[in-house]
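J.: Task: produce atomic coordinates for the following.
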Amino acid sequence: MRIIGGKFKGKKLISPSNNKIRPTSDRVREAIFNILSIKIKNNFAAQNVLDLFAGSGALGLEAASRGANNIVFIDNGAHARSLIRRQIDNLALTNNVKLLGYDAANLRKNTKFPPFNLIFLDPPYQKGLGEKALISALKNGWIADKAMIIFEEQANKNIEFPEQFTISDRRKFGNSEIYFLYN
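T.: The predicted structure is shown next:
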């Protein structure tokens, strides 16, 4: 695993030591960020980024490499948080980066941060946790109006997104399917 673009391009990321964390592959991350760059006109500096089910932190770290200044990683797994903390330290990302041990599917009321306009959601596959997290984040003030959500799930799974969200793009990569949503 490595950072695909931006100021940390080529930097190696620490891989998880067990199979409970399924990082988005370099190839899929590159495709996501190529599409995202067009959709947000390459203006990552204007994005407040929320990385739910952060796992290895690869998606949020990629956004940081491309200029995002405010990033919050959320994962309730101790191994994931340790891994993300090491990644943050290795890249010397100390300003405007937070790591929280919350349950992404049952978020508490957001009182600490402005609502996020770029959200990555990469839950464990086939458990319905992504849909729960999306509803919880919306209900509790984590998602800004007109936010873009990148939602990863196992391919060919029928997902019922809340009516507030519109699919603007959908791509299949092997066993993964990526949805680009707007609210």
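
J.: Packing partners of the longest strand along the chain?
T.: Criterion DSSP state E: the longest strand present in the chain is strand 143-154. Secondary-structure packing of strand 143-154 (3 or more C-beta pairs under 8 Å, 6 or more residues apart in numbering; DSSP states H and E): helix 26-39, strand 116-121, helix 129-139, strand 176-182. Just so you know, the C-beta spots here come from the backbone N, C-alpha and C atoms, and that holds for glycine as well.

J.: ranking these by burial, who's on top?
T.: Mean neighbour count, computed with mean count of other C-beta atoms under 10 Å, is highest for strand 116-121 among those, reaching a mean of 25.

J.: Show me what that one pairs with in its sheet, parallel or antiparallel.
T.: Next to strand 116-121 in the sheet, as set by DSSP bridges, lie strand 48-52 (parallel), strand 143-154 (parallel).

J.: quick revisit: average pLDDT for the longest strand of the chain?
T.: For strand 143-154, the mean pLDDT works out to 96.

J.: buried sites along that strand?
T.: Residues I143, A144, A147, M148, I149, I150, F151, E152, E153 are the ones in strand 143-154 that count as buried (16 or more other C-beta atoms under 10 Å).

J.: Out of those, the closest to K109 would be?
T.: I143 (12.9 Å; C-beta to C-beta).

J.: Just to check, the closest one is in contact with P115?
T.: Yes. Judged on C-beta atoms under 8 Å, I143 makes contact with P115 at a distance of 5.9 Å.

J.: Show me whatever sits in contact with both of these two.
T.: Counting by C-beta atoms under 8 Å, 6 or more residues apart in numbering, I143 and P115 have no shared contacts at all.

J.: still on that earlier bit, among the helices and strands packed on strand 143-154, which comes closest to G101?
T.: Nearest to G101, of all these, is helix 129-139, at 14.7 Å by C-beta to C-beta.

J.: what angle sits between that closest one and strand 143-154?
T.: Relative orientation of helix 129-139 versus strand 143-154 (axes from the mean of the first three to the mean of the last three C-alpha atoms, to 10 degrees): 180 degrees.

J.: helices or strands up against helix 129-139?
T.: With 3+ C-beta pairs under 8 Å, 6+ apart as the test, helix 129-139 has strand 48-52, strand 116-121, strand 143-154 packed against it.

J.: From what I see, T24 and P123 are in contact.
T.: No. The pair T24 and P123 fails to qualify as a contact (C-beta under 8 Å) at a distance of 11.9 Å.
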